[in-house]
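J.: no sequence on this one, just coordinates:
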């Protein structure tokens, strides 16, 4: 066996030095001291041996070089022991002062970096906490800023997984006006108990678990972390979360219990799409109710109305429109029977400009013009036909909802760019007949061949098999071509378009009221509304499900004689006779007018929600009354 060659002295020496240096700062200082001493001694010896030294002894030459290396070191005694002692003290003080300066510098830098990255504890009360970062957080913050306009010292705390300064730069890039709302950003993981404990969750007004793009849901883990981070349970938290699947929704309800309000993204948007594609003007009604810019839904007690019937209650407000009752058993009842009495502990649900404008009218003030109420009308429902361009995982959910709204014999034509392998699942509908075709509808030549006059509306669905930006780019291309075709052919069909990123939808916003863009911005509106009032989650579920009462735009001729001067009290009374709650009207003449004032209320694209009750106007055969009704 060949003997192993021993390591060289050089290798061994370098290895030992390397190991010594790796042990820490103390060893590095010792090695630097040794090297300095060796260099001083070597230079002193060189000068002494060459005879160029002015000193009488080698020791004196060494001390002279030491003084040169440490210019502030000046021993006052020439005794060798004294000189050596003072030198040791000087070197020690030099290292101690250096270490002190280093410690101060490191500590200050660490603290500044901590502040920069946002790791310090948030000391706030009544703030809204947003857990999770994504680009559409801008729409959530924008809505919260509007909601906080009548509040002093409001604040929003954002926990994201990117550096704090990057979040602030992004937010300030897209939001220019913050009013009195302060934005506080912290970097961290929303699933981390330690990070959550820095946000003062227990003193917050509400907590929003923000949605992520194309990522596995971590909402249940976040809820578990929220529960674990609480040091004491002296009050219930108000948590709003957006989930993508039924499994997540069920799990979150188990974990969060009464503290969490779940918004199921796919079902919410699918139901919204199913309703808005059927009725012209309805998209703006929902936009008005979901955002904080105009009138919203509020829930409050009204002890003065206890014992009154619902028909009396809805006539008791001039500047608010009552739409239902939230009873003492926590049940939401929209558009209840007109003889339903308000009991002690019940609350009224009303549409109003703000929470402080839901006030009872002084005196009676009811000025119904009874002579023009129309009681002879026929509620005829014609079959409806829809065109869907594109097919994705949400299409089937939307169709199931649409099937519960439309009359029997209605149809949907789906044109998909890829083959549908599960056509049998699209056959089990009660009222809808589904026809699926495969074609590349993104080509203008194919779009030119479609007979759009045969359809009540066109729905463009995003492609969820590609990246978000690519999918939205394809949707924009299709939408631009459709609008051009509609303009050149003098068409009148509304277009409902689905975008995955709300920022992309801003590029193609339409001036036509009947067009509607469905995106995560709608979800942001809903989640901010629920974060301000937890009970609104149940109200929205009632509004967007086929059972019970929904919002309809019905011909004005069903309620009043046309082209005669009326006021909104007249419409309220006429709708009540049919078991419906009137909340507004739509004037077709102004359908393309962005803004117009009727009295003190703004009409947007012909739609006015919650009008003043005594303001007078005329309706014609093209106009509609907006009501809550069961059909």
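T.: Nice, I can see it. Everything numeric here is computed off the predicted structure, so don't read it as measured data.

J.: Let me see the ranges of the strands in the stretch 451-600 of the chain.
T.: 457-460, 495-498, 516-518, 550-555, 566-567, 581-586, 596-598 (DSSP state E, counting those that start in this stretch).

J.: Which of the ones you listed sits closest to residue 207?
T.: Using Cβ to Cβ as the measure, strand 516-518 is the one of the strands of the stretch 451-600 of the chain that comes nearest residue 207, at 25.8 Å. Every residue, glycine included, has its C-beta placed from N, CA and C.

J.: give me the element residue 433 is part of.
T.: Element membership of residue 433, judged by DSSP states H and E, is strand 432-438.

J.: So for the following helix or strand past that strand, what gets flagged as buried?
T.: Using DSSP H and E, the helix or strand that follows strand 432-438 in sequence is helix 444-447. When neighbours are counted by 16 or more other Cβ atoms under 10 Å, the buried residues of helix 444-447 are found to be residue 447.

J.: can you tell me the average pLDDT over helix 444-447?
T.: Summarised as a single mean, pLDDT over helix 444-447 is 92.

J.: centre of the chain versus it, how much separation?
T.: For helix 444-447, the distance between its averaged C-alpha position and the chain's averaged C-alpha position is 36 Å (Cα atoms, centre = their mean, to the nearest Å).

J.: Give the other helices and strands that that helix contacts.
T.: Contacting helix 444-447 under the criterion 3 or more Cβ pairs under 8 Å, 6 or more residues apart in numbering; DSSP states H and E are the following elements: helix 468-488.

J.: What residues of the helix it packs on count as buried?
T.: For helix 468-488, the buried set under the neighbour-count rule, 16+ other Cβ under 10 Å, comprises 468, 471-472, 474-476, 478-479, 481-483, 485-486.

J.: got a markdown table for those, with distance to residue 223 too?
T.: A markdown table is the format used below for the buried residues of helix 468-488 (distance: Cβ to Cβ, whole Å):
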| residue | distance to residue 223 |
| --- | --- |
| 468 | 26 |
| 471 | 30 |
| 472 | 30 |
| 474 | 36 |
| 475 | 33 |
| 476 | 36 |
| 478 | 38 |
| 479 | 38 |
| 481 | 44 |
| 482 | 42 |
| 483 | 43 |
| 485 | 47 |
| 486 | 46 |
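
J.: next helix or strand past the lowest-mean-pLDDT helix or strand in the chain?
T.: Confidence across the helices and strands of the chain bottoms out at helix 80-117, with a mean of 62, counting by mean pLDDT, DSSP states H and E. Under the assignment DSSP H and E, the closest C-terminal helix or strand after helix 80-117 is strand 128-131.

J.: Neighbouring strands - and their directions - for that next one?
T.: strand 155-160 (parallel), strand 206-209 (parallel) (DSSP bridges).

J.: ok so residue 401 is a strand residue?
T.: No: for residue 401, which was evaluated using DSSP: H, G, I helix; E, B strand; the rest coil, the result is helix, with no strand membership.

J.: hmm, back to that, any chance of the buried residues of helix 468-488 in CSV, plus distance to residue 562 and pLDDT?
T.: CSV is the format used below for the buried residues of helix 468-488 (distance: Cβ to Cβ, whole Å; pLDDT from 0 to 100):
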residue, distance to residue 562, pLDDT
468, 47, 84
471, 45, 89
472, 43, 90
474, 44, 92
475, 40, 91
476, 40, 91
478, 38, 92
479, 35, 92
481, 38, 93
482, 33, 93
483, 32, 91
485, 33, 93
486, 29, 91
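
J.: circling back: and for the strand holding residue 433, what are the contacting residues?
T.: Under the contact criterion Cβ atoms under 8 Å, 6 or more residues apart in numbering, strand 432-438 has outside partners 391, 399, 402-403, 406, 409-420, 423, 426-427.

J.: Is it possible to mark the buried ones in those residues?
T.: When burial is judged by neighbour count using 16+ other Cβ under 10 Å, the buried members of those are 391, 399, 402-403, 406, 410-417, 426.

J.: Among those residues, which pair sits farthest apart?
T.: When those are compared pair by pair using Cβ to Cβ, the farthest-apart members prove to be 406 and 417, with a separation of 25.6 Å.

J.: Give me the spatial nearest neighbour of residue 386, chain neighbours excluded.
T.: Nearest residue to residue 386 in three dimensions, chain neighbours excluded: residue 412, at 4.8 Å (Cβ to Cβ, 6 or more residues apart in numbering).

J.: next one: residue 246
T.: residue 264 (7.5 Å).

J.: so how far is stretch 40-60 off the chain centroid?
T.: How far stretch 40-60 lies from its chain's middle: 78 Å, per Cα atoms, centre = their mean.

J.: Could you pull up the mean pLDDT of it?
T.: Averaged over stretch 40-60, pLDDT sits at 74.

J.: what's the first-to-last distance across that stretch?
T.: Looking at stretch 40-60, the gap from its leading to its trailing residue is 12 Å under the measure Cα to Cα, to the nearest Å.

J.: For that stretch, buried residues please.
T.: By neighbour count, with 16+ other Cβ under 10 Å as the criterion, the buried positions of stretch 40-60 are 40, 44, 47-48, 53, 60.

J.: Now intersect those residues with the helices, please.
T.: Using DSSP state H to define helices, the subset of the buried residues of stretch 40-60 located there is 40, 44, 47-48, 60.

J.: Which single one of those is nearest to residue 236?
T.: residue 40 (73.0 Å).

J.: Using TSV, please lay out the strands of the stretch 451-600 of the chain together with mean neighbour count.
T.: Written out in TSV, the entries for these read as follows (neighbours: other Cβ atoms under 10 Å):
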stretch	mean neighbour count
strand 457-460	24
strand 495-498	25
strand 516-518	25
strand 550-555	20
strand 566-567	21
strand 581-586	26
strand 596-598	14
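
J.: Any chance of those in TSV with distance to residue 220 and mean pLDDT as columns?
T.: Putting the strands of the stretch 451-600 of the chain into TSV (distance: least, Cβ to Cβ, whole Å; pLDDT from 0 to 100) gives the following:
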stretch	distance to residue 220	mean pLDDT
strand 457-460	32	94
strand 495-498	27	91
strand 516-518	26	85
strand 550-555	31	90
strand 566-567	52	88
strand 581-586	37	94
strand 596-598	47	84
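
J.: Out of the ones you listed, which is closest to residue 210?
T.: Taking Cβ to Cβ as the criterion, strand 516-518 is the member of those that comes nearest to residue 210, at 18.8 Å.

J.: Might one say that residue 274 is in contact with residue 401?
T.: Yes: contact status for residue 274 versus residue 401: in contact at 3.8 Å, counting by Cβ atoms under 8 Å.

J.: neighbour count winner among those two?
T.: Remark: of residue 274 and residue 401, residue 274 carries more neighbours, 24 against 18, as counted by other Cβ atoms under 10 Å.

J.: and the angle from the helix or strand the more buried one falls within to strand 550-555?
T.: Residue 274 belongs to helix 265-276 when assigned by DSSP H and E. An angle of 20 degrees separates the directions of helix 265-276 and strand 550-555 when computed by axes from the mean of the first three to the mean of the last three Cα atoms, to 10 degrees.

J.: State the mean pLDDT of the helix or strand that helix 265-276 is followed by.
T.: Tracing the chain past helix 265-276, the next element assigned as helix or strand by DSSP H and E is helix 282-290. Taken as a whole, helix 282-290 has a mean pLDDT of 85.

J.: Was I right to think residue 221 contacts residue 193?
T.: No: counting by Cβ under 8 Å, no contact exists between residue 221 and residue 193, whose distance comes to 10.8 Å.
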